[in-house]
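**Student:** Sequence and predicted model, in that order:
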Amino acid sequence: MALVLTRSAGQTPKLIIVAVVIADQATKNWALNSLSDGRTIDLFWTLRFNLVFNSGMAFSQGQGLGRLIGLLAIGVAVWLWLSLKKASTNLSLVGTAMLIGGALGNVVDRLFRGEKWLAGSVIDFIDLQWFPVFNIADSAVTLGAAMLITSSVVASRTKLQS
């Protein structure tokens, strides 16, 4: 059964968001249970699983600003949710949903993995050893942003050709 995306496919973004959050939280739970004793799992080349706690944002910048980052992420997720109605292509719809899911996946960590409200650290565990350690939510944000950029470029080129 193929997933058909149309502007009227109101459930599609919700399903993508929920799938990203569930996959993110399930893999983080696995990482906590499997890697918490300092264990790393080497997969191939430089890819390994290595548990890291990030109280900052991307690339471990802004350490200690978790509450501010969490509030900002919630605000961005709400803004993106409201912008879903304006998605003009399937690519922008999926990209926006992936951004929301990724943002919420990391917000869940900040909300529930700390001793104080929004003071938790984000769990990262995908380690390439030559790039900052990241997680499924980070991947969804990156892929979603790439989809939005691609959609925007394609749309602008289409307008130029018209």
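**Tutor:** Arrived safely.
**Student:** Show me where the protein has its strands.
**Tutor:** Using DSSP state E, the strands of the chain run over residues 40-44, 47-54, 122-127.
**Student:** Highest mean neighbour count out of these?
**Tutor:** Highest mean neighbour count of these: strand 122-127, a mean of 23 (counted as mean count of other CB atoms under 10 Å). Where C-beta positions appear, they are placed from N, C-alpha and C, glycine not excepted.
**Student:** So which residues of the chain form helices?
**Tutor:** 11-35, 66-83, 90-112, 136-161 (DSSP state H).
**Student:** For the second one, what is the distance to the chain centroid?
**Tutor:** In this view, helix 66-83 has its centroid 12 Å away from the chain centroid, taken as CA atoms, centre = their mean, to the nearest Å.
**Student:** What separation is there between the residue nearest to Gln129 when sequence neighbours are not counted and Ser92?
**Tutor:** Nearest residue to Gln129, sequence neighbours excluded (CB to CB, 6 or more residues apart in numbering): Thr46, at 4.3 Å. Distance check for Thr46 against Ser92: by CB to CB, to the nearest Å, it reads 33 Å.
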